[in-house]
Each structure stands twice: as C-alpha cells, then as structure tokens.
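Engineer: Okay, structure incoming, though there's no sequence with it:
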C-alpha cells in the first residue's frame, strides 16, 4: 500500500490487493468524487469519511465514527461492519461522490450525502469526531483502480436533489456539434457521414506549464468514433483530429494514430467506455514559447468567435473553402520545417507511444472529435494540477 504522502500526491493510482484506506485533510473541503477506472476482481471499492487516525487495514464505514458508500453492493456502512441497503451498485466508469450538507456542532452531528454520476443517492447523519472527518477511499481486491478528485466543484439546485457541476464552457474556443455540461462533452451531430464530425477545441494551446490533458470515455455511443489529439487553432471543424495537416490524434475505435492524413498507422489498443486517453507534449529543455497562445486567446474573446451559452457552432465547409484550407495547411507545413516537439499518448495511465510533430503558429491546441450518436466524454484539461 502506498504511504499517505504518496497517495496525497497521486491523482490516479492502482492499489495492491488487501483492505485499505487512504485519507487526506482538505481545508474548507465539502465534496470529493471518485471515478472507478477498474473494478478489479470483486469491485469492493468504498468511498466515504473517516476520523484522522482511522485504521488503514479496515474499509471506510466499518469502524466507529466512519461512514461509506460501497460500490460492490450499494450498501451504506455507518460505523458498523454490517451495511444497510442504500443505493445502486457502481461499476467501471461510474463516479461516486461524498460531501457534507451541514454540521450541527451543538448536537454533535454532521449530515453526509453521497452521489452517483452527479445525482444524489441519499444522506445520513453521523456523529462528529473530535479528530474531524477526512475523505477516504478503500479497496479490497486485486486490480482495483480509481481516480480521485478531492475538490470536485458542485452546486445544489433549489430542490436539493441534483448535483450540478460548474460550467467549463469558457475552456473551449470552438465547439461544433458538441454540447458542454461541466467537464462533459456530448456529441449532438447527425452522425450520418464523415462530414458530421463534432469538434471541441480548447481556448489555449498546450505549454511547458500545462503540457498534458485527458479524456475519459463516459459513453462510447454507437461506434466509439472518438479521437483526442492536438491541432492548429484554425483546424477545419468538420474534420476528425488527425485527418488534416496541422494535427495528430489517437482514435479510440481502431487504436490508430492519424497524423495529418486520413490513413492511420497502427499505434495502440482500442479504447472503450471507462478508458482514459491522454495526450501531451514533451517540450525540449530550451523550448521557448515566443508568446504562443497570447494572440489566440485575444482572438477567442471576439464575440463572433465564441459560442453562445446555450448553443454550439455548426459549421460545414463548402468545397471551395476546403481547397483553400488545404493550400493554407501546405504553407504552414513548409513554414514549420525544423521546429518540432514530441507528442505522446497514454491509455489508462500507460504510455502508448510518441510522434514528432511540427508546431504550427500559435501552438498546438487540445482537440477532441466525435462522430457517432450517443458519444460522451469527460475532459480534464489540467489533470496534473492541484
């Protein structure tokens, strides 16, 4: 089992077999969320609150002054090794949340609530511990793996029953046939032809300070035509990342890498619901940004370039415009010969491979593409921060 300091500095770690819990203080903490990456042998994963000096060889909820929601059976354990039926079971890809509604110090009680995939499952009053209550995650079978967000943002609607994640729409410079809901991107295009690509491109390029991002497949949709990668700022909105020059992308449906071409190269395994795909840049030590991204951010601030709060931009290129795009791409490729960086891709935390890529003017922007009905992904543009 990793030490508490190791767990504190890790946002995504696989625990060995055997019962165990990791807890961490968070000043002003009110809500934490755990995404199940792998259920392992039995899926005996628990999320809850425990006192500061809780025994690390017991699941959260088993001992006094602790409470936890267990994924394998949907039961709530409230200071007792015998649980009570509480909510649905949870499996790979599900998000389990735990938070505090209110505290009654006079009565010595705290109201703790639990969520599954953003919706409140229920709440329970628990006795306050003199040591305080700390977020805790427990695992009890080989191969279990979770991703933890100890500071998940949340708001409650007036009926206090639905958790609403704060909007991240300002993170995106362009949206085409994609709807944004917090960190969730949902494909809303027709999905009938290769021209119906849904594209989301970040407002800012990757830099030496923010050089990596991740996409979790929440729903593979009909065909899992999901791609993540990097592209120049004015990349065609109806082209999958990687298909046109000035872009590179790892495609989930076939595991191929597309680098400025409609023909991909065998690269890694296919990806499915629950998988986390990552993309980043290994910048050279002497790399200089030369003001990259500053002009582009200003450009995104123009009203005509930004999508409205309740709509996405739906743009299809005419034949003449497509020809102009190809000419512009050729000019960019010629200009950027010699200035390259190493782009790398990951799957569930493991490196899949690298590719040398020319840097276009303004840098390379995180770009996500989708192309079949029902596809949904959760994007973390800053997984290595915090």
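Structural biologist: Here it is on my side, so go on. Quick caveat: nothing in here was measured; it's all calculated off a predicted structure.

Engineer: In what element of secondary structure is the residue nearest to residue 259 when sequence neighbours are not counted found?
Structural biologist: Nearest residue to residue 259, sequence neighbours excluded (Cβ to Cβ, 6 or more residues apart in numbering): residue 248, at 4.6 Å. All C-beta atoms are positioned from the backbone trio N, CA, C, and that covers glycine. Using DSSP states H and E, residue 248 sits within strand 247-251.

Engineer: partners of that strand, with directions?
Structural biologist: strand 227-231 (antiparallel), strand 256-259 (antiparallel) (DSSP bridges).

Engineer: Might you quantify the distance of the longest one from its chain's geometric centre?
Structural biologist: Right, strand 227-231. 15 Å (Cα atoms, centre = their mean, to the nearest Å).

Engineer: now swap in the last one and tell me
Structural biologist: Counting by Cα atoms, centre = their mean, strand 256-259 is centred 22 Å from the centre of its parent chain.

Engineer: How about stretch 94-114?
Structural biologist: Taking the mean of its C-alpha atoms, stretch 94-114 sits 25 Å from the chain's own mean (Cα atoms, centre = their mean).

Engineer: again, but for stretch 258-271
Structural biologist: What separates the centre of stretch 258-271 from the centre of its chain is 22 Å, taken as Cα atoms, centre = their mean.

Engineer: what sits up against that stretch?
Structural biologist: By Cβ atoms under 8 Å, 6 or more residues apart in numbering, the list of residues contacting stretch 258-271 from outside reads 217, 224, 226-227, 229, 240-257, 277, 329, 333, 345, 347, 352-353, 355, 357.

Engineer: Swap in 7 Å and give it another go.
Structural biologist: With Cβ atoms under 7 Å, 6 or more residues apart in numbering as the test, stretch 258-271 has contacts from 217, 242-257, 277, 345, 347, 352-353, 355.

Engineer: Just the buried ones among those, please.
Structural biologist: Neighbour-count burial (16 or more other Cβ atoms under 10 Å) applied to those gives 217, 242-257, 277, 345, 347, 352, 355.

Engineer: Can you say which helix or strand has the residue located most distally from the centre of the chain in it?
Structural biologist: Largest separation from the mean C-alpha position in the chain: residue 106, at 39.7 Å (Cα atoms, centre = their mean). Of the helices and strands defined by DSSP H and E, none includes residue 106.

Engineer: And it, what's its pLDDT?
Structural biologist: Turning to residue 106, the model gives it a pLDDT of 72.

Engineer: what stretches of this protein score poorly on pLDDT?
Structural biologist: 1-30, 103, 105, 151-169, 288-338, 385-386 (pLDDT under 70).

Engineer: For stretch 221-239, buried residues please.
Structural biologist: Using 16+ other Cβ under 10 Å as the test for burial, stretch 221-239 gives 221, 224-239.

Engineer: Using JSON lines, please lay out the strands paired with strand 247-251 together with distance to residue 48.
Structural biologist: Formatted as JSON lines, the strands paired with strand 247-251 follow (distance: least, Cβ to Cβ, whole Å):
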{"stretch": "strand 227-231", "distance to residue 48": "33"}
{"stretch": "strand 256-259", "distance to residue 48": "41"}
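
Engineer: can you pull the buried residues of stretch 42-60?
Structural biologist: For stretch 42-60, using 16+ other Cβ under 10 Å, the buried residues are 43-51, 54, 58-60.

Engineer: which two from those end up farthest apart in space?
Structural biologist: For those, the farthest-apart pair by Cβ to Cβ is 43 and 51; their separation is 25.6 Å.

Engineer: what sits against residue 252?
Structural biologist: If you count contacts by Cβ under 7 Å, 6+ apart, residue 252 has them with 217, 224, 226, 227, 270, 271, 277.

Engineer: can you rerun that using 10 Å?
Structural biologist: Listed by Cβ atoms under 10 Å, 6 or more residues apart in numbering, the contact set of residue 252 reads 215, 217, 220, 223-228, 268-273, 275, 277, 347, 370, 375, 377.

Engineer: Also residue 241?
Structural biologist: Residue 241 touches 197, 199-201, 227-231, 235, 247-251, 258, 279, 365-369, counting by Cβ under 10 Å, 6+ apart.

Engineer: Tell me where this structure has helices.
Structural biologist: 4-8, 294-300, 319-335 (DSSP state H).

Engineer: Just confirm residue 282 contacts residue 345, I think it does.
Structural biologist: No - if you go by Cβ atoms under 10 Å, residue 282 and residue 345 don't touch, sitting 11.5 Å apart.

Engineer: Which neighbours do those two have in common?
Structural biologist: Common neighbours of residue 282 and residue 345 (criterion: Cβ under 10 Å, 6+ apart): residue 354.

Engineer: show me what contacts the nearest residue to residue 229 once chain neighbours are set aside?
Structural biologist: Counting by Cβ to Cβ, 6+ apart, residue 249 is the residue found nearest to residue 229 once chain neighbours are left out, at 2.7 Å. Listed by Cβ under 10 Å, 6+ apart, the contact set of residue 249 reads 226-231, 240-243, 256-260, 264, 277, 279, 343, 345, 367-369.

Engineer: can you give me the strands in the stretch 51-200 of the chain?
Structural biologist: For the stretch 51-200 of the chain, the strands defined by DSSP state E, counting those that start in this stretch cover 67-70, 75-78, 84-85, 95-104, 109-116, 119-127, 134-139, 144-149, 155-156, 163-164, 172-176, 178-181, 184-187, 198-202.

Engineer: Direction included, what does the longest one pair against?
Structural biologist: Under the criterion DSSP bridges, strand 95-104 sits next to strand 31-39 (antiparallel), strand 109-116 (antiparallel) in its sheet.

Engineer: Show me which positions of it end up buried.
Structural biologist: By neighbour count with 16+ other Cβ under 10 Å, strand 95-104 contains the buried residues 95, 96, 97, 98, 99, 100.

Engineer: just to revisit the earlier point, now do the residue nearest to residue 259 against residue 357, distance only.
Structural biologist: Here the distance between residue 248 and residue 357 works out to 5 Å (Cβ to Cβ, to the nearest Å).
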